[in-house]
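>>> missing the sequence, but the structure's below:
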C-alpha cells in the first residue's frame, strides 16, 4: 500500500535519516466506508474518494475533517461564486482586523488613562503625607493650632487629631 524511500549517498549509506519519501498507492487501498478503523484509513479513503463524495459520510464526520470538506466545497464553486466568496472573506478579515486594532487602541488608551490617574493620585497622596509630616513637626515644636492650620492648610479637626496622637506617643513608656 505504501513504500518508504530514503536518499543514499554514493557509498550507499543513508544520506540524512530524517528525510524520507513515502509513496502511497491509492489504487491498492480497497476499504469501504464501513471498514475504516483508524484515522490513517479515513485519510486514505478521503484522498481516494473525495471527488466522488456528495457529502461527508457518517464515519468521516469529525472535526479533523471538517476543514477539508469546507475547502473541497469551495473548490467546486464557479468562478463568480469563488470571487464572491473571496470578497466576503476579505471583508470579514478586514472587519476582524479593525475590531482587533480598535481593541488594542482601547486597551492602550485605558492604560494611559489609568497611569495618568495613578500618577495624579500618587501626587495627591504625597502632598497629603507632606502636610501631615509638617503638622507633626510643628506640633513637636509647640506651635499653636492656628499657626499649624495656616502652614499646612489642614482642618482644625485634623490638627487636633494629630495633637492627640502626638501626646499619646510622648506618654508611652
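Great, that's in hand. These figures come from a predicted structure and were not determined experimentally.

>>> make it CA atoms for all contacts and neighbour counts henceforth
OK.

>>> Secondary structure element holding the nearest residue to residue 36 once chain neighbours are set aside?
In space, and not counting its chain neighbours, residue 36 is closest to residue 42: 6.0 Å by CA to CA, 6 or more residues apart in numbering. Here residue 42 is covered by helix 39-49, with elements defined by DSSP states H and E.

>>> now the strand or helix carrying residue 66, how far from the chain's geometric center?
Per DSSP H and E: residue 66 is located in helix 63-75. For helix 63-75, the separation from the chain centroid amounts to 27 Å (computed by CA atoms, centre = their mean, to the nearest Å).

>>> For this protein, just list every one of the strands.
2-6, 20-24 (DSSP state E).

>>> Format these as a markdown table; extra columns: mean neighbour count.
Conversion of the strands of the chain to a markdown table gives the following (neighbours: other CA atoms under 10 Å):
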| stretch | mean neighbour count |
| --- | --- |
| strand 2-6 | 10 |
| strand 20-24 | 11 |
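
>>> can I get those in CSV with distance to residue 163 and mean pLDDT?
Below are the strands of the chain laid out as CSV (distance: least, CA to CA, whole Å; pLDDT from 0 to 100):
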stretch, distance to residue 163, mean pLDDT
strand 2-6, 91, 89
strand 20-24, 87, 92
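
>>> So the protein: which segments form each domain?
Using automatic domain parsing, the domain parsing of the chain gives 2-77, 81-170.

>>> and those, which one is worst for confidence?
Mean pLDDT values for the domains of the chain show the minimum at domain 81-170, a mean of 86.

>>> Pull out the buried residues from the helix holding residue 42.
41, 42, 44, 45, 46 (16 or more other CA atoms under 10 Å).

>>> Nearest to residue 5 among the residues you listed?
residue 44 (19.1 Å; CA to CA).

>>> Please tell me I have it right and that closest one contacts residue 30.
No - in terms of CA atoms under 8 Å, residue 44 does not count as a neighbour of residue 30; the distance is 9.7 Å.

>>> Run the angle between the helix holding residue 66 and helix 39-49 for me.
10 degrees (axes from the mean of the first three to the mean of the last three CA atoms, to 10 degrees).

>>> which residues sit in contact with residue 39?
Neighbour list for residue 39: empty [criterion: CA atoms under 8 Å, 6 or more residues apart in numbering].

>>> in this structure, which helix has the most residues?
Across the chain, the longest stretch assigned as helix under DSSP state H is helix 79-140.

>>> Quick one: list the elements packing against that one.
Where contact means 3 or more CA pairs under 8 Å, 6 or more residues apart in numbering; DSSP states H and E, helix 79-140 is packed against helix 145-152, helix 156-170.

>>> Now do the longest one: everything it contacts.
Taking CA under 8 Å, 6+ apart as the criterion, the residues outside helix 156-170 that touch it are 135, 136, 139, 140, 145, 146, 148, 149.
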